[in-house]
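# I would like the atomic coordinates for the input below:
(one chain, ligands or ions: 1)
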Amino acid sequence: MSKAVDLNNLPYPDGDFYAFEQLLSSAERERLLTIREWLAKEVRPIAVDCWNRAEFPMDIIPKLAELDIMSPVRRQGYSNVFAGLVHAEFTRADASLATFMGVHDGLFAGSIEALGSEEQKAQWLPDIYALRKIGAFGLTEPLGGSDVAGGTRTTAQRDGDNWILNGAKRWIGNATFSDWVVIYARDVADNQVKAFLVDTATEGYAATKIENKISLRTVQNADITLTNVMVPHDFKLAGGNSFRDTNKVLKVTRLGVAWQAVGLQMAAFDVARRYAVERQQFGRPLASFQLVQDQLVQILGNTVSSMGMMVRLAQLEDEGVAKDEQSTLAKAFTTARMRESVALGRSILGGNGIVTDYEIAKIFSDAEAIYSYEGTHEINTLVTGRAITGVSAFL
Ligand SMILES: Cc1cc2nc3c(=O)[nH]c(=O)nc-3n(C[C@H](O)[C@H](O)[C@H](O)COP(=O)(O)OP(=O)(O)OC[C@H]3O[C@@H](n4cnc5c(N)ncnc54)[C@H](O)[C@@H]3O)c2cc1C
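Below is the predicted model:
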């Protein structure tokens, strides 16, 4: 009979096997620890239930506001390594909550930070950082997904001091309850994609929840229709005048998604290792079988290689020299490793791996959306391929 293993006293507490966390300053490490404890207390206990019911826990919003975590790099002066490890930590606790943050803080606030005038930023960002106003990011359309750069069909027409928006958006996260949404629309005058802050109470705006998802079920994705929606010219983002400008936002948020792939692998490692140690078959823990150890080590190797790549990329971000194609490679590589890791984790739980009660089924399913959003695996691969060959395979 083998001895019970005390997981809390093993020398390697989680998937950060090479101790990347030690690269943080002591203040950053302390803050990360506080956030980890907050997630364990406020998020882990409710995450599976919210996912099963496909409901967003609205009461988490004031608690998130109290945590004061929005825009850690631009507003609070933390390093990109810290911001990445925090985003991974959110995902490790619940990929849906990390996605809420990725949309509100990354895509939505990020659009205003990158494309708003100083006046617009001063007017809107305080409410956004304090989560008094919740935001969404409307780029993808029913007929424009991977090709949305050239394929945006939603139109914007200048009408005196206003713009009139018409069209449809699909998959827009947070949009069933958000106060604002940044809508990207093609100006009929010059054919360029421009960005507008739309108040969701405006006449002609409608959002319908997308039902029956198998991934990130807690995230409220919506189909949006815009019928003669009037937006004051002051609400056109001053610096959002072409798809090249939109890309400034996506370059940063794509990194956030790659960090989600790190966090989800950490979660798979946490759950699968615990199960392998606790579950007995043939009178011994699963962890005593060589094939199971091999699977755990594969998850660990995937996690560490993804994390190493992301930490280095975050350092390049901190130096201000990271390139677009480095973030597309990171998104493609880490999400592919993530897909392998969550499948291995699910396999370690056998039949219990397909019910959400044991968490791994949720982790496994959430990987699918992360693999496809913010540029699919294929598109991120092709952008990287274009950079290393000088030849575009998709345009
Ligand atoms: C859960 C979730 C949340 C999302 N949140 C938001 C949001 O908040 N805001 C927003 O604007 N969008 C959001 N999206 C949309 C997301 O970014 C798109 O789903 C994604 O860009 C892919 O577009 P598509 O789904 O239309 O797939 P398509 O573009 O139709 O692609 C289908 C398949 O074809 C492949 N493909 C397409 N073109 C090529 C090519 N040239 N070469 C090789 N393969 C190709 C793709 O890789 C993919 O495998 C979200 C999506 C999901 C699933």
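
# Burial check on the nearest residue to Glu317 once chain neighbours are set aside, number of neighbours?
Of all residues not flanking Glu317 in the chain, Asn80 sits nearest, at 4.1 Å (CB to CB, 6 or more residues apart in numbering). For every residue, glycine as well, the C-beta is placed using N, CA and C. Around Asn80 sit 22 other residues, with neighbours defined as other CB atoms under 10 Å.

# Pull up the gap between Asn80 and the ligand, please.
Counting by CB to the nearest ligand atom, to the nearest Å, the gap from Asn80 to the ligand is 22 Å.

# for Arg75, same thing?
Distance, Arg75 to the ligand, by CB to the nearest ligand atom: 21 Å.

# wait, is that residue part of a strand?
No - read with DSSP: H, G, I helix; E, B strand; the rest coil, Arg75 is coil and lies in no strand.

# count of neighbours near Glu28?
A count of nearby residues for Glu28, using other CB under 10 Å, gives 19.

# contacting residues around the residue nearest to Glu317?
Residues near Asn80 by CB atoms under 8 Å, 6 or more residues apart in numbering: Val73, Leu255, Ala314, Gln315, Glu317, Asp318.

# how about those residues in TSV, adding neighbour count and distance to Leu32?
TSV is the format used below for the contacts of Asn80 (neighbours: other CB atoms under 10 Å; distance: CB to CB, whole Å):
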residue	neighbour count	distance to Leu32
Val73	18	14
Leu255	26	18
Ala314	25	14
Gln315	15	17
Glu317	21	18
Asp318	16	16
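
# quick check, nearest of the residues you listed to Tyr371?
Taking CB to CB as the measure, Leu255 is the one of the contacts of Asn80 closest to Tyr371, at 15.8 Å.

# how would you label that closest one: helix, strand or coil?
Classification of Leu255 using three-state DSSP returns helix.

# OK, now which residue of the stretch 1-150 of the chain is nearest to the ligand?
Shortest the stretch 1-150 of the chain-to-the ligand distance, computed as CB to the nearest ligand atom: residue-wise this is Gly145, at 1.8 Å.

# Assign that residue to helix, strand or coil.
coil.

# Determine the number of other residues adjacent to it.
For Gly145, using other CB under 10 Å, the count is 17.

# thinking again about what came up before, now do the same for the residue nearest to Glu317: its pLDDT.
If you check Asn80, the pLDDT there is 97.

# Kindly report the same for Ser2.
At Ser2, pLDDT is 56.

# again with Asp6
The score at Asp6 is 84. That number is its pLDDT.

# okay, the contacts of Asn80 in JSON lines with pLDDT and distance to Arg132 next?
Converted to JSON lines, the contacts of Asn80 look like this (pLDDT from 0 to 100; distance: CB to CB, whole Å):
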{"residue": "Val73", "pLDDT": "94", "distance to Arg132": "21"}
{"residue": "Leu255", "pLDDT": "93", "distance to Arg132": "27"}
{"residue": "Ala314", "pLDDT": "97", "distance to Arg132": "29"}
{"residue": "Gln315", "pLDDT": "98", "distance to Arg132": "34"}
{"residue": "Glu317", "pLDDT": "96", "distance to Arg132": "29"}
{"residue": "Asp318", "pLDDT": "97", "distance to Arg132": "30"}
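
# so Asn166, which of the three states?
Following three-state DSSP, Asn166 is assigned to strand.

# contacting residues for Met307?
Contact analysis of Met307 by CB under 8 Å, 6+ apart lists Gly15, Asp16, Tyr18, Phe20, Ala88, Val262.

# quick one: which helix or strand includes it?
According to DSSP states H and E, Met307 maps onto helix 290-319.

# quick one: buried residues of that helix?
Buried residues in helix 290-319, counting neighbours by 16 or more other CB atoms under 10 Å, are found at 292, 295-296, 299-300, 302-307, 309-311, 313-314, 317-318.
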